[in-house]
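# Attaching a predicted model along with its sequence, questions to come.
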Amino acid sequence: MNKTEYLAKLTNELGQMPYGDVKDIIGSIEEHFEEGIVEGRSEEEIAASLGDPKELAAEFKDGAKFKQIMKKRKMSDNFKGPDGRGRIFVIIFNAFVGIECWFILLCAIIAAFMCLAGDAAFIGLIIAGLITGVLTEFIVPFIFLILTLICVAVFLVVLLILGIKYYAKGLKSYIRWNKHVWNYGLGED
Amino acid sequence: MNSQIKKGILDLCVLALLEKGDSYGYDLAGSLARKVEVADGTVYPILRKLASEGVVSTYLQESQNGPPRKYYHLTDAGRKKLNSDREEWIKFCGEVNGILKQETGGKADE
């Protein structure tokens, strides 16, 4: 394995680590290669002595896990009961901003639903009119109108699916954030 | 030797290597791998962990013929940790040796 292959494999194995950490790690291993090359060793030789990139990545990941555990422990060490300010913040924020925002978004979703229902009803009416022969004189413009209305309907359906998905997602993380502030206060974290 | 046992004590070894003076990754990797049977790469995750704990600090320095080197420096907290961990390790080794020697002695008597 040469330097490029080794670094690529290591990057790949580090996987989901934050970009800055991966860059830092790859930087130090790249430095190791360059030092070895200056000493006159071959890339393959250096790669072999560094050890299996998979194992090395696992050691880096273990270290990162350790860091997280330490951080958590530090947080709970510093934690001195619920923070009164955090709770007041949650109540006031929800009373004046939070709940209103989520309600307005919910109204928007309901409005989109109603538009869709109206749109569908309109399409149904025109089709019924065309079939029963009431609108036969204007058949071409009404067909165009139906096509336009179908496009609007498709657009609304897509909008609703995405809207509901992100609404649920957003609401979930909003609630999580509220819980965190409620329990731990407004820390830097 | 069991790699789990080794892993725990390597942090202490790296701190001890830095006690003699600041050093860079490649040099530390060589020093460690020469004395203990580990891959050259092993030192890097350890250095990273030690840096995140604040027991070592890092700085960059140009070198004459190679790339700029990232140097590692033992902080005051690191020195303190090294001294207490070293003491503990030596004491523990003595105790373990006591048990192990007693055991082989017992066997020899039979």
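That came through fine.
# Please, which helix or strand holds B:Tyr71?
Following DSSP states H and E, one finds B:Tyr71 within strand B:69-74.
# likewise B:Val38?
Counting by DSSP H and E, there is no helix or strand that carries B:Val38.
# do the same with A:Val158
Using DSSP H and E, A:Val158 falls in helix A:139-184.
# what is the mean pLDDT for that helix?
Mean per-residue pLDDT for helix A:139-184: 86.
# Tell me the residue of chain A that sits nearest chain B?
In chain A, no residue comes nearer to chain B than A:Gly51, which is 2.8 Å away by Cβ to the nearest Cβ. Just so you know, the C-beta spots here come from the backbone N, C-alpha and C atoms, and that holds for glycine as well.
# returning to that earlier point: enumerate the positions of the strand holding B:Tyr71 that are buried.
Along strand B:69-74, these residues count as buried under the neighbour rule (16 or more other Cβ atoms under 10 Å in any protein chain shown): B:Arg69, B:Lys70, B:Tyr71, B:Tyr72, B:Leu74.
# Setting the sequence-adjacent residues aside, check what's closest to the residue of chain A closest to chain B.
Leaving aside its chain neighbours, A:Gly51 sits nearest to B:Ala39 (2.8 Å; criterion: Cβ to Cβ, 6 or more residues apart in numbering or on different chains).
# Could you pull up the residues touching that neighbour?
By Cβ atoms under 8 Å, 6 or more residues apart in numbering or on different chains, the contact set of B:Ala39 is A:Ser49, A:Leu50, A:Gly51, A:Asp52, A:Glu55, A:Leu56, B:Ala33.
# Next step: those restricted to helices.
If you go by DSSP state H, the contacts of B:Ala39 have A:Ser49, A:Leu50, A:Glu55, A:Leu56, B:Ala33 in helices.
# that older thread, switch the contacts of B:Ala39 over to a markdown table; also include neighbour count and pLDDT.
Below are these laid out as a markdown table (neighbours: other Cβ atoms under 10 Å in any protein chain shown; pLDDT from 0 to 100):
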| residue | neighbour count | pLDDT |
| --- | --- | --- |
| A:Ser49 | 16 | 92 |
| A:Leu50 | 25 | 92 |
| A:Gly51 | 16 | 92 |
| A:Asp52 | 16 | 92 |
| A:Glu55 | 16 | 90 |
| A:Leu56 | 24 | 92 |
| B:Ala33 | 18 | 88 |
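# Tabulate the residues you listed (JSON lines), appending distance to A:Tyr174.
Formatted as JSON lines, the contacts of B:Ala39 follow (distance: Cβ to Cβ, whole Å):
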{"residue": "A:Ser49", "distance to A:Tyr174": "51"}
{"residue": "A:Leu50", "distance to A:Tyr174": "45"}
{"residue": "A:Gly51", "distance to A:Tyr174": "45"}
{"residue": "A:Asp52", "distance to A:Tyr174": "43"}
{"residue": "A:Glu55", "distance to A:Tyr174": "41"}
{"residue": "A:Leu56", "distance to A:Tyr174": "39"}
{"residue": "B:Ala33", "distance to A:Tyr174": "51"}
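# Which one of these is nearest to A:Leu106?
Lowest distance from A:Leu106 to the contacts of B:Ala39 (Cβ to Cβ) belongs to A:Leu56, with 49.8 Å.
# so the closest one makes contact with B:Tyr44?
Yes - contact criterion Cβ atoms under 8 Å: A:Leu56 and B:Tyr44 qualify, at 7.4 Å.
# Nearest the geometric middle of chain A, what residue?
The centroid of chain A falls nearest to A:Lys169 when counting by Cα atoms, centre = their mean (9.0 Å).
# who does the strand holding B:Tyr71 pair up with?
Sheet partners assigned to strand B:69-74 using DSSP bridges are listed as strand B:23-24 (antiparallel), strand B:56-61 (antiparallel).
# looking at those strands, which is buried most?
Comparing those on average neighbours per residue, with mean count of other Cβ atoms under 10 Å in any protein chain shown, the densest one is strand B:23-24 at a mean of 21.
# Can I get the strand holding B:Tyr71 in CSV? Just the C-alpha atoms.
C-alpha atoms of strand B:69-74 as CSV (Å, rounded to 0.1, in the frame of the first residue of the first chain):
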residue,chain,number,x,y,z
ARG,B,69,6.5,19.5,12.4
LYS,B,70,3.7,19.4,14.9
TYR,B,71,5.5,19.4,18.3
TYR,B,72,4.0,18.0,21.5
HIS,B,73,4.7,19.6,24.8
LEU,B,74,4.0,18.2,28.3
